[in-house]
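Visitor: Mind folding the following:
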Amino acid sequence: MVQLKAWILYIDLYSDHSYKWDKRINIYLAITSSSSIAAWAIWSQCGFLWGFLIALSQVITAIKPHLPFAKRLESLGKITNQLQVLFNKADYDWYKVSNGELTEAQINDLLYARKKQYAETVGKALEADPLPENEQFRELADAKTDTFFQDTY
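Guide: Numbering: from 1, shown residues only. Below is the predicted model:
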């Protein structure tokens, strides 16, 4: 359950990061495509600069479909809710486990079912574009996980 919560928080951090970069790129492209031609006409003495900005925005437009940010947002969006549902199920099951209502075999069956669901969820969503390891996100997610479990349980 702790690992699942840490993974949810890690994915949230990755989603936020990808969203911010995708937004920055889109804002840059919008500004350069809509204002560069007008600015070039107004400030003809800086023609080289504006020409460079326009060329750069064209290059970014051409490579943007190959950048990972938008694709990651789509993949991570799919699994975030599914992992939260899986965490809620594990949290619900934990009550029975902690009160000794289940046998070891039943606990093992629950654990296997949750691990299988987790593997299927992550496998389907990230099979085409796996996440590179981000040490900073992992450390932050671990710290947030510790805080969550200290505050909640």
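
Visitor: Next, the contact list for Leu13, please.
Guide: With contact taken as C-beta atoms under 8 Å, 6 or more residues apart in numbering, Leu13 is in contact with 134, 137, 140-141. (Each C-beta comes from the backbone N, C-alpha and C, glycine too.)

Visitor: how about the lowest-mean-pLDDT helix or strand in the chain: buried residues?
Guide: Within the chain, judged by mean pLDDT, DSSP states H and E, the helix or strand with the poorest mean is helix 47-63; its value is a mean of 79. For helix 47-63, the neighbour count (16 or more other C-beta atoms under 10 Å) marks 50, 53-54, 57 as buried.

Visitor: so how far is it from its chain's centroid?
Guide: Taking C-alpha atoms, centre = their mean, to the nearest Å, the mean C-alpha location of helix 47-63 is offset from the chain mean by 29 Å.

Visitor: same for it, what does it pack against?
Guide: When contacts are defined as 3 or more C-beta pairs under 8 Å, 6 or more residues apart in numbering; DSSP states H and E, helix 47-63 packs onto helix 2-42.

Visitor: Quick one: work out the angle between the helix it packs on and helix 47-63.
Guide: 140 degrees (axes from the mean of the first three to the mean of the last three C-alpha atoms, to 10 degrees).

Visitor: burial of Asn108, as a residue count?
Guide: Neighbour count of Asn108, defined by other C-beta atoms under 10 Å: 11.

Visitor: Distance-wise, check it relative to Val97.
Guide: According to C-beta to C-beta, to the nearest Å, Asn108 and Val97 sit 11 Å apart.
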